[in-house]
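# Have a look at this prediction, sequence included:
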Amino acid sequence: MLDVSSRVDAMPAILLAEARHAERVFATLTLAFAADPPTRWLFPESEQFVLHFPTFARALGGVALARQTAVATGDHSAVALWLAPDAASDEEALVRLVEEDVAPQKRAVMAAVVEQMVRRHPREPHWYLPLIGVEPARQGKGLGAALMQVALARCDAAGLPAYLESTNPRNRPLYERHGFGAVGEIRVGDCPPIVPMLRRARS
């Protein structure tokens, strides 16, 4: 279990994010992903993005709140939804979102993207990071690194790899600094590329 007292380089304490703060968590992620290339390809209109992204985020990583494996700063301006090895995204909700809320001309491409995302996950037990985000006004202050360091310490203690998909080239240096390496690329149709990244546990 996460040591909730952990601090990283004088950054704010990183705490377990609780289900009762779900609205705040998804509000932060919505702000953080407002310029994310694949997300805005999926929901290009601002009204559409604000309406549907929280549903998408809940389906992809909401189980982390219920399982108490999400982490955040105390003010929830930075959050990360980590899925334990025995947890999974809500695939039924993701399929329903694609069928009901994604533009018809993009549904086949999005379905293929999701299929590749599922297929590329490591077969061995691992921690999965579907979503990490920092409010734009707080970016560049080391909060993303603080979230990473605390959660990756848990991976290392358990001897388990960590896995994520990088959807924005701007974020890849952060992941690489924490030991993630690209293990391929997901490129389907006109959807911006997504880069799966894996990090082996460190002793």
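Nice, I can see it.
# pretty sure His178 is in contact with Met197, am I right?
No. Using Cβ atoms under 8 Å, His178 is not in contact with Met197; the gap is 9.8 Å. Where C-beta positions appear, they are placed from N, C-alpha and C, glycine not excepted.
# neighbour-wise, which of the two wins?
Met197 (21 against 16; other Cβ atoms under 10 Å).
# What values do phi and psi take at the more buried one?
Backbone torsions of Met197, given as degrees, to the nearest 10, read phi -140, psi 140.
# For Val102, see how far away it is.
25 Å (Cβ to Cβ, to the nearest Å).
# Pick out the residue nearest the middle of the chain.
Leu131 (1.2 Å; Cα atoms, centre = their mean).
# So, low pLDDT: which residues of the chain?
1-11 (pLDDT under 70).
# Can you show me the helices along it?
Using DSSP state H, the helices of the chain run over 22-32, 37-42, 46-61, 63-67, 91-101, 104-120, 143-158, 172-177.
# Put the alpha carbons of the first one into PDB.
Pointing back at helix 22-32 there. Taking C-alpha atoms only, helix 22-32 is exported to PDB below (Å, rounded to 0.1, in the frame of the first residue of the first chain):
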ATOM      1  CA  ALA A  22     -14.100  12.000  -8.000                       C
ATOM      2  CA  GLU A  23     -15.600  15.200  -9.500                       C
ATOM      3  CA  ARG A  24     -12.500  17.200  -8.600                       C
ATOM      4  CA  VAL A  25     -10.300  14.500 -10.000                       C
ATOM      5  CA  PHE A  26     -12.100  14.300 -13.300                       C
ATOM      6  CA  ALA A  27     -12.300  18.100 -13.500                       C
ATOM      7  CA  THR A  28      -8.500  18.300 -13.200                       C
ATOM      8  CA  LEU A  29      -8.000  15.600 -15.900                       C
ATOM      9  CA  THR A  30     -10.400  17.400 -18.200                       C
ATOM     10  CA  LEU A  31      -8.400  20.600 -17.900                       C
ATOM     11  CA  ALA A  32      -5.100  18.700 -18.400                       C
END
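# Show me what counts as buried in it.
Across helix 22-32, burial judged by 16 or more other Cβ atoms under 10 Å covers Ala22, Arg24, Val25, Phe26, Thr28, Leu29, Thr30, Leu31, Ala32.
# Closest to His52 out of these?
His52 lies nearest to Thr30 out of the buried residues of helix 22-32, by Cβ to Cβ, at 10.0 Å.
# what's the closest non-adjacent residue to the closest one?
Excluding its sequence neighbours, the residue lying closest to Thr30 (Cβ to Cβ, 6 or more residues apart in numbering) is Phe53, at 5.2 Å.
# which residues touch the one you found?
Leu29, Thr30, Phe33, Thr39, Phe43 (Cβ atoms under 8 Å, 6 or more residues apart in numbering).
# what's the neighbour count on the third one?
Read that as Phe33. 21.
# Spatially nearest residue to it (excluding sequence neighbours)?
Going by Cβ to Cβ, 6+ apart, Phe33 has Thr39 as its nearest residue, at 4.9 Å.
# Around the one you found, count how many other residues there are.
Neighbour count for Thr39, taken as other Cβ under 10 Å: 21.
# now swap in the one 5 residues further on and tell me
Neighbours of Pro44 under the rule other Cβ under 10 Å: 11.
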